[in-house]
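Novice: Build the 3D model from these lines:
(chains A, B, C and D)
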2 protein chains.
Amino acid sequence: MTKRITIHDIAREANVSSATVSRVLSNSDYPVSAKLRTRIQQLAEEMNYIPNMIGKQLKTDNNMTIGVIIPSISNPFYAAVMLGIEEAARKSGYQVLLCNSLQDKSLEEGYLKTLVEKQVKGVILSSISGNCKLLAQLLRMGLHVIAIDQKLDLPDVLQIEFDYWRGGQMAANYLLEQGHRRIGYVTAPLDRPSRQQIYTGFFAALQAAGVELNEALVQVAGDEKEVYDGIYEFENGKRLTRQLLELEAAERPTAIFACNDLTAFGVINELADNGLNVPDDISVMGFDNIEFSRMMSPALTTVKQPNYEMGKLACSMLLDRLRQDNNYETGVMLLPQLVVRNSVKQYLA
Amino acid sequence: MTKRITIHDIAREANVSSATVSRVLSNSDYPVSAKLRTRIQQLAEEMNYIPNMIGKQLKTDNNMTIGVIIPSISNPFYAAVMLGIEEAARKSGYQVLLCNSLQDKSLEEGYLKTLVEKQVKGVILSSISGNCKLLAQLLRMGLHVIAIDQKLDLPDVLQIEFDYWRGGQMAANYLLEQGHRRIGYVTAPLDRPSRQQIYTGFFAALQAAGVELNEALVQVAGDEKEVYDGIYEFENGKRLTRQLLELEAAERPTAIFACNDLTAFGVINELADNGLNVPDDISVMGFDNIEFSRMMSPALTTVKQPNYEMGKLACSMLLDRLRQDNNYETGVMLLPQLVVRNSVKQYLA
DNA sequence: GTGAAAGCGCTAACAG
DNA sequence: CTGTTAGCGCTTTCAC
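Specialist: Take a look at the predicted model:
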């Protein structure tokens, strides 16, 4: 194992001071004679010099890395967000530390602390805990936080919101337009604001259309710990659909809305297992528009949440903040978009 | 923004030296009187002390983070690998920097350099370039590398291999058993060793069974730059399937094998677009067993490549190396497993 | 059991 | 233009 080369090694070799070497190798605009400059660059090349950023960081207090905390990268929604984040980060020379909170509050907190210990100056967070005590403290210490996906009630946290309420409403209205009145609603636990908002938006639209709430058609998963092996949502969809299928034929929904695409896949799968065809026997609608929703057959009708764009936007807003250290920008609200495909069919009563 | 607290601040407050504070707060086993110990811990708590790992790192040369370079996190196969890696890392107090090489050699190299500059001591790499020059240099400088998925021909790189050849063979044999003889082969460019091995394994099995190679049935994607928007594989499957469908009816394959599940989804989708049902009209088989393969209908018959396990194993092997600094362990070869579902049907000539 | 001091690799006043 | 020097926050000899 060859010894690590430092600027001092190069300085000695070139008979200059390490300050000069630093000035050349860190692309400072400080004046250095062309002769020395090339000599040093050449030497650095020859000696396979690799700068030690830890030294630089300690001095400059800027480590060019941000943190991302999401529930699970195995959820393709967050994978797309992550890709957007990383892309924006790379373009600015930043790197990103990925943390999967796995829906575990203490893990989330632990990661937050570790990131700050590592002197990360910015974090993109899809919080499951909404732990404002810790977060407020970290903000006071200069951490910049962008909240995506889940709203955080802190004044200094920039929000990339998404209009879940309108998304839910949009879904309901589409199903109504297609003639559906007995609509099943299948959702993971309503513990996250996002899920609650979809829920309220959805039923507000139904109510506005004079469709009364039928509790038997609303299936909410229990609050048991979500084991995030990545297949949870799918199984959830299957399980809750089984419960809907226990209804008498006349009571059964003509369409089922699921709180996200993965859950919708579970719904469709369970229906197929019971010999029911989508959309001929029953219509299904999802939420998110993950890539796979268009790969399924039938291709899934869903509400688009711009995941990749959300990641890109979150990251560039964060980097802006880090660079200018201003807290003046305002948050943004991304809007849903209806994606009509083939899993919903007109219902003719 | 409150001032950052350092051990010196605490030392001053407690009327002790910073050395003592360090000994207490870094959980050193160095003897410190119980009285001072509790006093210091209490003070650190009160003052909201957060250690600065950069300072520690500069001294100890160990930053508790590893790097991961994969083609794209939007590919669910790598997302699962990543989840496994992160899980193993977390259990040992490590964090992970995620880098998407997007099938771009220069990006891959850039990341490798940046990681080393950041003093990362270990990297898990699914290389697309196989750039051994740079890698060899970094290894000499003490970097530890675990290669997953793609083989790297360097003695000091530990390999987590997967028997792609046998996987290809396994797929072919299954299709043969099911009575298929005219089998289409759809693959992304054969530029990565993994794809080549699946290919050779597959056709070795066909040959062994006396099935002659029909070049018209083999569709290899051109070597054009793969735009990694995550949907590439899917579109590729669609495009290549269209080409297969241009064959005269009698020449058409009775089954199609795709080099990975995403491509298989494209194949199925394109077949559906052409009014062909899977598996009734034509059978389709994938490779990888990503989670969605079981969510599709028909559920995809495929060859399992243990992705999550691969990530976990890679990470724990890497951490073993970092801790013991030994290069003695041997690599491992993970074996494929046939996953029979509903997308392949027996062919009765 | 505790403290003083050196130093990890780098940058940035300041001086020349 | 170039060099000297003083740290960034922490650990770790070496004294006491």
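
Novice: Tell me how far stretch A:270-289 lies from the chain's centre.
Specialist: From the chain centre to the centre of stretch A:270-289 is a distance of 26 Å (CA atoms, centre = their mean, to the nearest Å).

Novice: What's the end-to-end length of that stretch?
Specialist: Taking CA to CA, to the nearest Å, stretch A:270-289 runs 20 Å from one end to the other.

Novice: did I read that right, A:Y199 in a strand?
Specialist: No - counting by DSSP: H, G, I helix; E, B strand; the rest coil, A:Y199 falls outside a strand, being helix.

Novice: Hmm, it is touching A:L190, no?
Specialist: Yes - A:Y199 lies in contact with A:L190 (CB atoms under 8 Å); the separation is 6.0 Å. Any C-beta I mention is one placed from the backbone N, CA and C, and that applies to glycine too.

Novice: higher neighbour count, these two?
Specialist: A:Y199 (20 against 17; other CB atoms under 10 Å in any protein chain shown).

Novice: That one: what's it in contact with?
Specialist: A:G168, A:Y185, A:T187, A:L190, A:C259 (CB atoms under 8 Å, 6 or more residues apart in numbering or on different chains).

Novice: In contact with A:V157, which residues?
Specialist: A:L135, A:L139, A:V145, A:I146, A:A147.

Novice: Please tell me which one of those counts the most neighbours.
Specialist: Going by other CB under 10 Å, A:I146 tops the contacts of A:V157 with 26 neighbours.

Novice: mind checking how far whatever helix or strand it lives in is from the chain centre?
Specialist: Assigned by DSSP states H and E, A:I146 belongs to strand A:144-148. Offset of strand A:144-148 from its chain centre (CA atoms, centre = their mean): 11 Å.

Novice: what does chain A put close to DNA strand D?
Specialist: Residues of chain A lying near DNA strand D by CB under 7 Å from any atom of the strand: A:15-20, A:23, A:30-33, A:35-37, A:55, A:58-59, A:61.

Novice: quick check: mean pLDDT across stretch A:322-329?
Specialist: The predicted model assigns stretch A:322-329 a mean pLDDT of 72.

Novice: Just the terminal-to-terminal distance for that stretch.
Specialist: Stretch A:322-329: ends 12 Å apart by CA to CA.

Novice: and the helix-or-strand element of chain A with minimal mean pLDDT, does that touch chain B?
Specialist: One helix or strand of chain A scores below all others by mean pLDDT, DSSP states H and E: helix A:132-140, with a mean of 90. Yes - Helix A:132-140 reaches chain B (CB under 8 Å from any CB of the partner chain) through A:Q137, A:R140.

Novice: buried stuff in that helix?
Specialist: For helix A:132-140, the neighbour count (16 or more other CB atoms under 10 Å in any protein chain shown) marks A:L135, A:L138, A:L139 as buried.

Novice: residue contacts, the first one?
Specialist: A:L135 sits next to A:L112, A:S127, A:V145, A:L152, A:L154, A:V157 when contact means CB under 8 Å, 6+ apart.

Novice: Over to the second one?
Specialist: By CB under 8 Å, 6+ apart, A:L138 lies in contact with A:L112, A:V116, A:V145.

Novice: Now for the first one, how many residues are close by?
Specialist: Around A:L112 sit 26 other residues, with neighbours defined as other CB under 10 Å.

Novice: Just to check, it is in contact with A:C132?
Specialist: No - applying CB under 8 Å, one finds A:L112 not in contact with A:C132, separated by 11.7 Å.

Novice: Tell me the spacing between the residue lying closest to A:I183 once chain neighbours are set aside and DNA strand D.
Specialist: Closest residue in space to A:I183, ignoring its immediate chain neighbours: A:A255 at 5.0 Å, by CB to CB, 6 or more residues apart in numbering or on different chains. Distance, A:A255 to DNA strand D, using CB to the nearest atom of the strand, to the nearest Å: 58 Å.

Novice: A:A255 is in contact with A:Q346, isn't it?
Specialist: No - look at A:A255 against A:Q346 with CB under 8 Å: they stay out of range, at 10.4 Å.

Novice: shared neighbours of those two, which are they?
Specialist: A:Q178.

Novice: out of those two, which sits in the busier spot?
Specialist: Comparing A:A255 with A:Q346 by other CB under 10 Å, the one with more neighbours is A:A255, at 27 against 10.

Novice: what is the more buried one paired to in the beta sheet?
Specialist: Here A:A255 sits in beta bridges with A:I183, A:S283, going by DSSP bridges.

Novice: got the residues of the stretch 51-200 of chain A near DNA strand C?
Specialist: Counting by CB under 7 Å from any atom of the strand, the residues of the stretch 51-200 of chain A near DNA strand C are A:P51, A:N52, A:I54, A:G55, A:K56, A:L58, A:K59, A:T60.

Novice: can you count the residues close to the third one?
Specialist: The number of residues packed near A:I54 is 21, by other CB under 10 Å.

Novice: my guess is it is in a strand, correct?
Specialist: No - counting by three-state DSSP, A:I54 is located in no strand; its state is helix.

Novice: ok, so of the contacts of A:V157, who is nearest chain B?
Specialist: Comparing the contacts of A:V157 against chain B with CB to the nearest CB picks out A:L139 as the nearest, at 8.8 Å.

Novice: So that closest one versus A:C315, what's the distance?
Specialist: Per CB to CB, to the nearest Å, A:L139 is found 19 Å from A:C315.

Novice: thinking again about what came up before, out of the contacts of A:Y199, name the ones that lie in strands.
Specialist: Counting by DSSP state E, these place A:Y185, A:T187 in strands.

Novice: so what's the residue nearest to A:I183 up against?
Specialist: A:L175, A:Q178, A:H180, A:R182, A:I183, A:G184, A:I282, A:S283, A:V284, A:M285, A:V344, A:Y347.

Novice: With distance to A:N307 and neighbour count as added columns, please give the residues you listed in a markdown table.
Specialist: Shown next, in a markdown table, are these (distance: CB to CB, whole Å; neighbours: other CB atoms under 10 Å in any protein chain shown):
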| residue | distance to A:N307 | neighbour count |
| --- | --- | --- |
| A:L175 | 23 | 27 |
| A:Q178 | 26 | 19 |
| A:H180 | 27 | 26 |
| A:R182 | 31 | 17 |
| A:I183 | 26 | 24 |
| A:G184 | 25 | 27 |
| A:I282 | 27 | 26 |
| A:S283 | 24 | 26 |
| A:V284 | 21 | 30 |
| A:M285 | 18 | 29 |
| A:V344 | 22 | 26 |
| A:Y347 | 30 | 18 |
